[in-house]
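Undergrad: heads up, no residue letters with this:
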């Protein structure tokens, strides 16, 4: 019987983890070596390592995105040790850590072709609460001006009106109100977070006669700072396409090489993404899972 222990990651685990992560998938390279140092340094994140004879054979990471929400990512198990319940052991340790920190909600996202993870989520009765498709586009130097629609950066004095419209039935884009933060971590868009994002100059809108009709929030990628990444977008039928075009122009002005984001599978939004010159950067879709139990 193999004895598996779990502890927090150490600096000296790096090379051993990179070695088994080279064989995570058959036809796709892993990204752990690109994010490990950043993950290791972030105080809100914890990398848990499963070891056999103190040699790393599995990892999983959890990141605290708010005082009640956690994001799971980076589950990896050495091929030579699969089938021994290491993922379950790591899961148990992370759940204990979250209980100790009074975290109530957990989420993760899984690619549609990752049948192993999808099966694991089903066996654990994790609920799918949304589907997303990543899109990309290129910046544009000009955009046709429409006299009654004005693209603007939102500021603090207009926050109450903007917040009212976040959950408006007139806005299309997503039923669940999530902001996809840096590093692709979903969290509930609450008023405190919304205020913080406005103060940081990351919220943009379309106004029509001083009435807000479209809203977008900038986010970021962990691995490519040259991409203008979107963490949230909603708007009326009339505003969505022009909002997307204006964001392409904004990316040009700010000298980004491209722009993109994860977009919910709302037919209307996907249609306007295509009309505004965005394309799918992944042929499948990502399923967003959420759970609030600790089984």
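TA: Arrived safely. Note that this is a predicted model, so its numbers are computed, not measured.
Undergrad: In this structure, where is pLDDT below threshold?
TA: Across the chain, the ranges flagged by pLDDT under 70 are 1, 25-28, 174-176, 293-295.
Undergrad: Centroid-nearest residue for it?
TA: For the chain, the residue sitting closest to the mean C-alpha position, by CA atoms, centre = their mean, is residue 184 at 2.2 Å.
Undergrad: Pretty sure that one sits against residue 109.
TA: Yes: Residue 184 is in contact with residue 109 according to CB atoms under 8 Å; the separation is 7.2 Å. (Each C-beta comes from the backbone N, C-alpha and C, glycine too.)
Undergrad: got the residue ranges for the strands in the stretch 101-250 of the chain?
TA: All strands of the stretch 101-250 of the chain, identified by DSSP state E, counting those that start in this stretch, fall at 105-111, 127-137, 150-153, 178-181, 185-188, 203-208, 211-219, 227-235.
Undergrad: Which strands and helices lie in contact with the longest one?
TA: With contacts defined as 3 or more CB pairs under 8 Å, 6 or more residues apart in numbering; DSSP states H and E, the packing partners of strand 127-137 are strand 258-264, strand 279-280, strand 286-291.
Undergrad: Also the third one?
TA: Judged by 3+ CB pairs under 8 Å, 6+ apart, strand 150-153 is in contact with strand 203-208, helix 240-253.
Undergrad: any idea how far residue 94 is from the residue nearest to residue 45 when sequence neighbours are not counted?
TA: Spatial nearest neighbour of residue 45, excluding adjacent residues (CB to CB, 6 or more residues apart in numbering): residue 63 at 4.3 Å. The spacing between residue 63 and residue 94, counted by CB to CB, to the nearest Å, is 11 Å.
Undergrad: Quickly list what's touching both of those two.
TA: The contact sets of residue 63 and residue 94 overlap at residue 46 (CB atoms under 8 Å, 6 or more residues apart in numbering).
Undergrad: Residue 204: how many residues sit nearby?
TA: For residue 204, the count of nearby residues is 20 (other CB atoms under 10 Å).
Undergrad: dump the residue contacts of the closest residue to it other than its chain neighbours.
TA: Using CB to CB, 6+ apart and skipping the chain neighbours, the partner closest in space to residue 204 is residue 216 (4.9 Å). Residues near residue 216 by CB under 8 Å, 6+ apart: 203-205, 230, 232-233, 243, 247.
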